[in-house]
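*Asks:* Sequence and predicted structure below; questions after.
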Amino acid sequence: MANISSVGIGSGVLTSDLIDKLVAAEREPTELRLDSKEEEITAELSIFGQIQSAVTDLRLPSRSLADPALFQTLTAQSGSSAFTAAVSGEAATGSYSLEVSTLATANSLSTDAFSDADITTIGTGTLSFTINDVTTDITIDSSNNTLNGIASAINENTELDASASVINTGSGYKLVITSNQTGLDNAIDIAVTDTGDGNGTDANGLSRLSYTGTDLNLNQNQAAADANFSLNGIAISRASNTVDDVIEGVTLNLTGTNDGAPAALSITRDNDTVISKVEEFVEKFNALQALISENTSFNPDNPEASGLLLGDSSTRNILNQVQSILGQSIAGLGDASVRSLADLGITTNKDTGQLNFDSARFESRLNSDPFSVAGVFADQGRTTDGQIEFMRGGIATKVGTYAVEVTQLATRGSFGGNASLAATTTIDADNDGLSITVDGVASGAITLDAGDYTPAELAQQLQDKINADTNLSDAGASVTVSLDGSDQLVITSNVYGSNSSIEINTVDTNTLADLGIQVGAGTAGVDVAGKINGVEATGSGQFLLAAEGDDSESIRLKVTGGALGDRGSVSYIEGVGEQMVDLINGFLGSRGTITAKNERLNTQLEGIAEDRVRLNERIIALNDRLVRQFTAADIIIAQLNSTQDFISQQLDAIVSSNKKD
């Protein structure tokens, strides 16, 4: 610390070096105390940061185990390279025998070889492609009548379900045309209108691309074919090698053939995924427990070497609450075969506090009672009525059983015709047009196909045309068209609730007379209504949402049918995974244990920083005071020294005078 350089000149004793030593002596004990306290708090903050990280790491597997869908995860195992399979939530466990005879293939056609791809002209006219009953015309003229030009014209037409390329065989160039889809229905038919020589069937000009009827002027490289296979001995044919409509929730991918050698397809529970999540949960808990134990342990031989967090209430509170969840039975599981982690082979070592996991016991329980195993870990709701489905609970939902009462069932908006259909109805230009509003979305002009229809066929035609309207389909609106007992048309929205409605906006001249449909609004749908836990719930479509503030808050039920009145109950179960997620979120929340602890430690560090500022201010003041005091003393000493010198001189003069006399 800087001092006035003249301090001590007068005395030679009260120097600036002495001031520095006095100031240092004053600073040292306080600074050592602050350094020690800061080091201790920083170390505690670092350790607690590790605990916070370990707690956060435990939350991820807890959240995975809190999802009931995890315990319903299925996997498919194939006994042959001829097929694989993927499963979704709708699938059920089971075993099947699968034999693939032929794979679905896409039709591929090619021209004979040409000497070039850009110079030789093929011809002009129109190529009429018909694929799966859809005809698409492509005009070929002088701007695109080479191999590359025709290939580009085909590829640029987005309505044509085929693609083209030009390949160099080494001995010439060939135009190759391939259907974009496999299956017999997607075979390529090409009719040619040749404007060059006027003959669309010969092997000259553009008609060289004719491939229809008996005029097969292209080479068929690969025929269109359906996939043929048998499932449990039942013969099945599909246009694609990807089949998702044979076994519910299972998509078959046919990759080869095993004709004559049926192989097994097994849909089983994916126990490995569940077990891996439980192992991760155990691992993360053990890491947290070990970290806390190490830093809260007492060393009787050397108390100074005890854990830095020994006696810390926040740390003890975290571990105690986590262990409390792990050791309890799950409320709401009743007389289920498993009700706790211990029942599943997850036990606590009494000596170390670590969790032990018996995976064999766990898998046995998972196979025998997966629903109860899910209840031990996951957020679950169980209803006593088969037509009421539990959808979800929430953070505010309390564990318990709640009565359910339905006072109104949800309905769909509908519009009913007012005349019975004839045995055969002819659709023509006078009754083929209408427009409709479905769930508040207005369609464009809808035109029925001309023809003669039975009542059932007409209902299907009307349904298909309405649902094909882009205005409606883009908005997700759709209908079902059926017949009532008198063969009158009934148009019904596919959405339940008060937002569901059907309105006819326009019709043709004879639509009312022939179809019984006229302009007007139908009957709007209504929302489900009822009570949960005796408190009025909010209805939306088929869904009932429990009232805010009630113990059942956030429970959401789907009521699909049944009678009005008392409909049994719904039980809400919060398993270990869900409880752990809630607990950890609480720890990390704005008022949680971990947040509060970090805030306290950081506040203490801020206090130490403020103490250092005050110490510096006090030391500066001390230094200034000592400088002033030393300077004043130095001046006095200098004056005394001067007086001493004067007196000495006077005495010396008197002595000298006496000697002369």
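*Replies:* Happy to help now that I have it.

*Asks:* going forward, measure contacts between C-alpha atoms and count neighbours the same way
*Replies:* Fine.

*Asks:* Okay, helices next: where are they in the chain?
*Replies:* 16-65, 147-156, 271-296, 313-327, 359-368, 370-377, 455-467, 470-474, 511-515, 576-588, 593-660 (DSSP state H).

*Asks:* and N510, how far is that from T352?
*Replies:* Between N510 and T352 the distance, using Cα to Cα, to the nearest Å, works out to 86 Å.

*Asks:* Settle it for me: which of these two has more neighbours?
*Replies:* Neighbour comparison, N510 and T352: the larger count goes to N510, with 18 against 11 (by other Cα atoms under 10 Å).

*Asks:* Now for that one: which residues touch it?
*Replies:* Listed by Cα atoms under 8 Å, 6 or more residues apart in numbering, the contact set of N510 reads 430-431.

*Asks:* so how far is G516 from it?
*Replies:* 9 Å.

*Asks:* Verify the contact between D439 and G497 for me.
*Replies:* No. Here D439 does not reach G497: they are 9.9 Å apart, not a contact under Cα atoms under 8 Å.

*Asks:* residues bridging contact with those two, i.e. touching both?
*Replies:* With Cα under 8 Å, 6+ apart as the test, D439 and G497 both reach G413.

*Asks:* the more surrounded of these two?
*Replies:* D439 (27 against 23).

*Asks:* Could you measure from that one over to N471?
*Replies:* Following Cα to Cα, the distance that separates D439 from N471 is 12 Å.

*Asks:* And for G200?
*Replies:* Relative to N471, and taking Cα to Cα, G200 is found at 40 Å.

*Asks:* what does L288 give?
*Replies:* Applying Cα to Cα to L288 and N471 gives a distance of 56 Å.

*Asks:* and the closest residue in space to D244 that isn't next to it in sequence, how many neighbours does it have?
*Replies:* Distance criterion Cα to Cα, 6 or more residues apart in numbering; nearest residue to D244, sequence neighbours excluded, is T251 at 4.2 Å. Residues lying near T251 (other Cα under 10 Å) number 19.

*Asks:* Also N623?
*Replies:* 21.

*Asks:* and it, what does it touch?
*Replies:* Counted by Cα under 8 Å, 6+ apart, N623 has contacts 19-20, 23.

*Asks:* ok, and the most crowded of the residues you listed?
*Replies:* Result: I19 is most packed of those (other Cα under 10 Å), 22 neighbours.

*Asks:* check contacts around that one.
*Replies:* Applying Cα under 8 Å, 6+ apart, the residues near I19 are 623, 626-627.

*Asks:* Which pLDDT value does the model give S5?
*Replies:* Note for S5: predicted pLDDT of 48.

*Asks:* And T425, by the same measure?
*Replies:* Looking at T425, its pLDDT stands at 96.

*Asks:* Would you enumerate the residues in contact with L216?
*Replies:* L216 neighbours (Cα under 8 Å, 6+ apart): S210.

*Asks:* and if we set it to 6 Å?
*Replies:* Applying Cα atoms under 6 Å, 6 or more residues apart in numbering to L216 gives no contacts.

*Asks:* pretty sure Y402 contacts G534?
*Replies:* No. Assessed by Cα atoms under 6 Å, Y402 is found out of contact with G534, at 8.2 Å.

*Asks:* Compare those two (neighbour count), which wins?
*Replies:* A count of neighbours by other Cα under 10 Å puts Y402 above the other of Y402 and G534, at 19 against 14.

*Asks:* Can you report phi and psi for the residue nearest to that one when sequence neighbours are not counted?
*Replies:* Using Cα to Cα, 6+ apart and skipping residues adjacent in sequence, the residue nearest Y402 is N533, 4.7 Å away. Backbone torsions of N533, given as degrees, to the nearest 10, read phi 60, psi 30.

*Asks:* Quick check: I19 vs R628, distance?
*Replies:* 11 Å.

*Asks:* Domains in the protein, by residue range?
*Replies:* 16-59+593-660, 74-104+226-269, 108-222, 383-410+528-574, 412-521 (automatic domain parsing).

*Asks:* got the buried residues for stretch 204-222?
*Replies:* 204-212, 215-218, 220 (16 or more other Cα atoms under 10 Å).

*Asks:* same thing with stretch 406-423?
*Replies:* 406, 408-421.

*Asks:* Centre of the chain to that stretch, how far?
*Replies:* 38 Å (Cα atoms, centre = their mean, to the nearest Å).

*Asks:* What is the end-to-end distance of that stretch?
*Replies:* End to end - Cα to Cα - stretch 406-423 spans 41 Å.
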